[in-house]
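Engineer: what's the 3D shape of this:
(2 chains)
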2 protein chains.
Amino acid sequence: MSGQSAPQGTEGTDTGTDAVPGPGPRSVAAHQAAVAELLRHWFEAHPPAAETVPVAEAAGRVLAADVHAPGNLPPFTNSQMDGYAVRSADLAMPAGESAGESAAAGPGGPAAGSAAGIRLATAAHIPAGSAPPPLQPGTAAPVMTGAMLPEGADAVVPIEACDPDHFLPAGTAGSVQLPAGIPPGRFVRRAGSDIAAGALALSGGTVLGTLQLGLLAGLGLDRVAVRPRTRVLLLTTGDEVREPGQPLGPGQIHDANTTLLRSSLEAAGARVLRSRILADSPAEFLERLRADIAADAPDLVLTSGGISKGAYEVVRQALAAAEVRFLSVAMQPGGPQGIGTVDGVPFLGFPGNPVSSLVSFEMFLRPALAAVTGTPRPRVQVQARLTEPLQSPPGKHQIRRGRYCPDGTVVPVGGPGSHLMHALASSNALILVPVGTEKLPEGAEVTVLLVD
Amino acid sequence: MSGQSAPQGTEGTDTGTDAVPGPGPRSVAAHQAAVAELLRHWFEAHPPAAETVPVAEAAGRVLAADVHAPGNLPPFTNSQMDGYAVRSADLAMPAGESAGESAAAGPGGPAAGSAAGIRLATAAHIPAGSAPPPLQPGTAAPVMTGAMLPEGADAVVPIEACDPDHFLPAGTAGSVQLPAGIPPGRFVRRAGSDIAAGALALSGGTVLGTLQLGLLAGLGLDRVAVRPRTRVLLLTTGDEVREPGQPLGPGQIHDANTTLLRSSLEAAGARVLRSRILADSPAEFLERLRADIAADAPDLVLTSGGISKGAYEVVRQALAAAEVRFLSVAMQPGGPQGIGTVDGVPFLGFPGNPVSSLVSFEMFLRPALAAVTGTPRPRVQVQARLTEPLQSPPGKHQIRRGRYCPDGTVVPVGGPGSHLMHALASSNALILVPVGTEKLPEGAEVTVLLVD
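Structural biologist: From the prediction side, this is the model:
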């Protein structure tokens, strides 16, 4: 017996008060470091080749290398407003109102300056998507937001500040009254002011979310080189474990771990190559495992169940001769852990209780994937106030499930029991109660990880 | 001109200090309510039929109806520890040490009680996945975590508390010394204690994340009825707008909005049926739009660009005769907004600047989808301390981009300019500066929305 409800002998209890301490458990931080080191060592020895994918399919992927801007963004100097492109020198304050030079006369006729403004002849409209002719001195060209500024123009006057405050029909000759004292650069977006050609746009290792994909598209890129997904072989153990959809016999339970871990892995950017439920025969387990490793070439083997100190611990027994260590981490739930390599491939063994395996993923594997492969982004961690008191067993880093609320509080959901899937499904946060904290009053500040 | 850099005449300025106020802008809250009402009205008139999908493919989907537990979870009463299943009455305190009755004698021989414990005969091991025979009085059955408790047993003694503190080989007759004073129920998980058969497991409308999928699997469900994805027709406008991957002519820019909005919609659980870049011809725009509506039967038409007060506003001009209102919202960026119906289908017109369209999605469409269709989950909103002072234009709800840090601070990234895609791509948060707040000092607390 070593499946979904696998032995948790050293893992504490559902009540959190009767823990039987194991011999010298490893700290959470030490095991986190060990898991990250396991993956780092693997990927250093097996550096993954980049793959190129369409930007439209790159959400959640990790940039394989730095991306530099292939051109300026914006690509050309353009208007920030609907209005008139002007030469700011034409709109200097009239003599007597400022120390500025008087308005220059241009081919459109001498500009008439007054306290109410300066009148300029209107030039042709500037349509989007074209290169306008240079702006003649003494004229103002109707320009829409985003349209290219003509050569010679160095400022834009918004249409609302002009008289008339609407555009004349295209092709109409006329003039417009503009305010004086417009500084150069006003309402102008210079070419490259968002990002200049050749500048670093996104660093290698960046996780591509909506905002990063938008930048790549704006830069004109439709394909992008990303790191391959981490390839995972996912095994669940236990004679009593049945696939969802199958009827249960006496003493049997449905497999929740494959779903929990597959969904977690996929959401974290990894790819589950294969998942299996294996029976409690160590010989069969080892044979299947080695065949799957040879066939699938995974980056990681992940098991749940069968690693504790019970009488029937299939993973532990099957891997007794492998480079795998089975140990106790000072965490509750999720205390029993396996770590090492099988046929040279990184191996992690999580305990079999569903909550234990999910917490193990969140505390050990997800942070290691984030640190080593760049994906997923780390969970958001916030401080929250407990709505009720909590107790935690001595010597354990306890992880409770909770519901984080926008008002900055967190409601503990269910008890510490590692089989409580219904409470888990009502949670959106893991409440971290570190070693050394055994009692927390209502209102105490705790650190919570926000989970999906 | 009405594309990616579309007119923002009433939208304020890149400096945030020179805003030209529009006539009577609508509040952010009023427009949020209007967008939600638009979708609510549509879906009330067109209630979507549920579809059934495999649980393994249901991540991010919304439960169509309440799910009740088809059976108990756990399905049977089982052990919480590796240890011995016992009748607690057999381990009552010996006379003289407590008021409890003395240990009962059973067929395994009389139980010997002492201060050090009580010795019981061992019964057969209980293998996982089977129904054990009833536990005879005066005996203790080796049981592993998760294995079924035999009839008659009402408590489990962890192996660590027994003498010997390891299991004898299966089939070995013998006895074990157990501590006295074990209360009934100790280390027992009762059938249905996680969730009872028939009880509400998940409510209709729940977004299915990893934790909810795990519960469904644990309940034995491999398929689940979900609401269909919201069907969106996504249009971008502008003569100057080119698809990423295409070369740019003078005055042309690459389309970032389709990528930003498609990725946002997909991450929010919607399905983009079709996306197009349309040129600035109102007649062509309207013809294509109506043909696409007829062909695709969308739940929503979403456009970007062409809705402001410039001289060339294709969406505004094309829909002049439709049931669409173009208005100004007291928000910066994202002030110009279009809302209504086209051929009876909900229509939203976002402004064309990329940051404006993304902010419009986050402030209006995403919350409305969450409220009306149940997906996505609302963004996490946290309080954070500004690392530098901020200014906001009077009368506007300003939305700045920022980087939220685990220490509870938020670093404003880039300025308020709505064309700054590079700064947007460095952000993970939107900083909300409501109307009435014009200056915020360093260290001030602000509300931020955490975005991807």
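
Engineer: So which residues on the stretch 251-400 of chain A come close to chain B?
Structural biologist: A:251-260, A:262-264, A:266-267, A:280, A:308-312, A:352-354, A:358, A:380-383 (Cβ under 8 Å from any Cβ of the partner chain). Every residue, glycine included, has its C-beta placed from N, CA and C.

Engineer: Could you tell me which of those count as buried?
Structural biologist: A:251-260, A:262-264, A:266-267, A:280, A:308-312, A:352-354, A:358, A:380, A:382 (16 or more other Cβ atoms under 10 Å in any protein chain shown).

Engineer: Mark out where each domain of chain A begins and ends.
Structural biologist: Chain A resolves into domains spanning A:28-48+A:228-373, A:53-73+A:193-226, A:78-189, A:381-450 when parsed by automatic domain parsing.

Engineer: For the last one, measure first residue to last.
Structural biologist: Pointing back at domain A:381-450 there. Start to finish, the residues bounding domain A:381-450 are 6 Å apart (Cα to Cα, to the nearest Å).

Engineer: And the average pLDDT for that domain is what?
Structural biologist: Mean pLDDT, domain A:381-450: 93.

Engineer: The third one too?
Structural biologist: For domain A:78-189, mean pLDDT rounds to 83.

Engineer: Can you list phi and psi of A:E284 for me?
Structural biologist: Dihedral angles of A:E284 (phi, psi; degrees, to the nearest 10) stand at phi -70, psi -40.

Engineer: Correct me if wrong: it contacts A:R290.
Structural biologist: No. The pair A:E284 / A:R290 is not scored as a contact, 11.1 Å apart, by Cβ atoms under 8 Å.

Engineer: if we can go back for a sec, could I get the domains of chain A in CSV, plus columns for distance to B:M148?
Structural biologist: Formatted as CSV, the domains of chain A follow (distance: least, Cβ to Cβ, whole Å):
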stretch, distance to B:M148
domain A:28-48+A:228-373, 4
domain A:53-73+A:193-226, 42
domain A:78-189, 70
domain A:381-450, 14
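
Engineer: Out of those, the one nearest B:I339 is which?
Structural biologist: With Cβ to Cβ as the measure, domain A:78-189 is the member of the domains of chain A nearest B:I339 (20.8 Å).

Engineer: Return the distance of the closest one from the chain's centre.
Structural biologist: 45 Å (Cα atoms, centre = their mean, to the nearest Å).

Engineer: What of stretch A:445-452?
Structural biologist: Mean C-alpha position of stretch A:445-452 versus that of the full chain (Cα atoms, centre = their mean) differs by 16 Å.

Engineer: Give the closest residue to the residue positioned nearest the centre of chain A in space, chain neighbours not counted.
Structural biologist: Closest to where the C-alpha atoms of chain A average out (Cα atoms, centre = their mean) is A:R377, at 3.9 Å. Of all residues not flanking A:R377 in the chain, A:V207 sits nearest, at 5.1 Å (Cβ to Cβ, 6 or more residues apart in numbering or on different chains).

Engineer: One more: A:V226?
Structural biologist: The shortest distance from A:V226 to any non-neighbouring residue, by Cβ to Cβ, 6+ apart, is to A:R61 (3.9 Å).

Engineer: Can you report how many residues lie near that neighbour?
Structural biologist: 25 (other Cβ atoms under 10 Å in any protein chain shown).

Engineer: Just to check, it is in contact with A:T206?
Structural biologist: No. In this structure A:R61 lies outside contact range of A:T206 using Cβ under 8 Å: 9.7 Å.

Engineer: Can you tell me the element the residue of the stretch 51-200 of chain A found nearest chain B falls in?
Structural biologist: Going by Cβ to the nearest Cβ, chain B is nearest to A:G146 of the stretch 51-200 of chain A, at 2.2 Å. Following DSSP states H and E, there is no helix or strand that holds A:G146.

Engineer: which residues sit in contact with the residue nearest to A:R377?
Structural biologist: Neighbour list for A:V207: A:G60, A:R61, A:V62, A:G269, A:G374, A:T375, A:P376, A:R377 [criterion: Cβ atoms under 8 Å, 6 or more residues apart in numbering or on different chains].

Engineer: please redo it, this time with the cut-off set to 10 Å
Structural biologist: A:59-63, A:226, A:269, A:370, A:373-378, B:452 (Cβ atoms under 10 Å, 6 or more residues apart in numbering or on different chains).

Engineer: In stretch A:47-64, which residues are buried?
Structural biologist: Buried, per 16+ other Cβ under 10 Å, within stretch A:47-64: A:A50, A:V55, A:A56, A:A58, A:A59, A:G60, A:R61, A:V62, A:L63, A:A64.

Engineer: Identify the residue spatially nearest to the fifth one, adjacent ones excluded.
Structural biologist: Looking back up the chat, that one is A:A59. In space, and not counting its chain neighbours, A:A59 is closest to B:S263: 5.7 Å by Cβ to Cβ, 6+ apart.

Engineer: and the one you found, that's in a helix?
Structural biologist: Yes. Secondary structure of B:S263 (DSSP: H, G, I helix; E, B strand; the rest coil): part of a helix.

Engineer: Let me know the pLDDT of it.
Structural biologist: 97.

Engineer: Would you check that it makes contact with B:S357?
Structural biologist: No. Counting by Cβ atoms under 10 Å, B:S263 does not reach B:S357; the two are 11.8 Å apart.

Engineer: Quickly list what's touching both of the two.
Structural biologist: Common contacts of B:S263 and B:S357 (Cβ under 10 Å, 6+ apart): A:G214.

Engineer: got CSV for the buried residues of stretch A:47-64, with pLDDT too?
Structural biologist: Conversion of the buried residues of stretch A:47-64 to CSV gives the following (pLDDT from 0 to 100):
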residue, pLDDT
A:A50, 96
A:V55, 97
A:A56, 94
A:A58, 97
A:A59, 95
A:G60, 94
A:R61, 96
A:V62, 95
A:L63, 96
A:A64, 96
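
Engineer: Please give me every residue in contact with the residue nearest to A:A59.
Structural biologist: B:S263 sits next to A:55-56, A:58-59, A:208-214, A:217, B:272, B:358, B:361, B:452 when contact means Cβ under 10 Å, 6+ apart.

Engineer: wait, which of those is closest to B:L235?
Structural biologist: Set against B:L235, the nearest of these by Cβ to Cβ is B:V272 (10.6 Å).

Engineer: sorry, back to before: the residue nearest to the centre of chain A contacts A:G205, doesn't it?
Structural biologist: No. A:R377 sits out of contact with A:G205 when judged by Cβ under 10 Å, with a separation of 11.2 Å.

Engineer: which neighbours do these two share?
Structural biologist: Among the neighbours of A:R377, those also in contact with A:G205 (Cβ under 10 Å, 6+ apart) are A:V62.

Engineer: Any idea how many residues pack against the residue lying closest to A:D222 once chain neighbours are set aside?
Structural biologist: Distances taken as Cβ to Cβ, 6+ apart put B:G245 closest to A:D222, at 3.4 Å, once the chain neighbours are dropped. A count of nearby residues for B:G245, using other Cβ under 10 Å, gives 13.

Engineer: Can you classify B:G245 by secondary structure?
Structural biologist: Put simply, B:G245 is coil when judged by three-state DSSP.

Engineer: Was I right to think it contacts A:V55?
Structural biologist: Yes. Between B:G245 and A:V55 there is a contact under Cβ under 10 Å: 8.8 Å.

Engineer: Quick check: neighbours shared by the two?
Structural biologist: Shared contacts of B:G245 and A:V55 (Cβ under 10 Å, 6+ apart): A:A217, A:L221, A:D222, A:R223.
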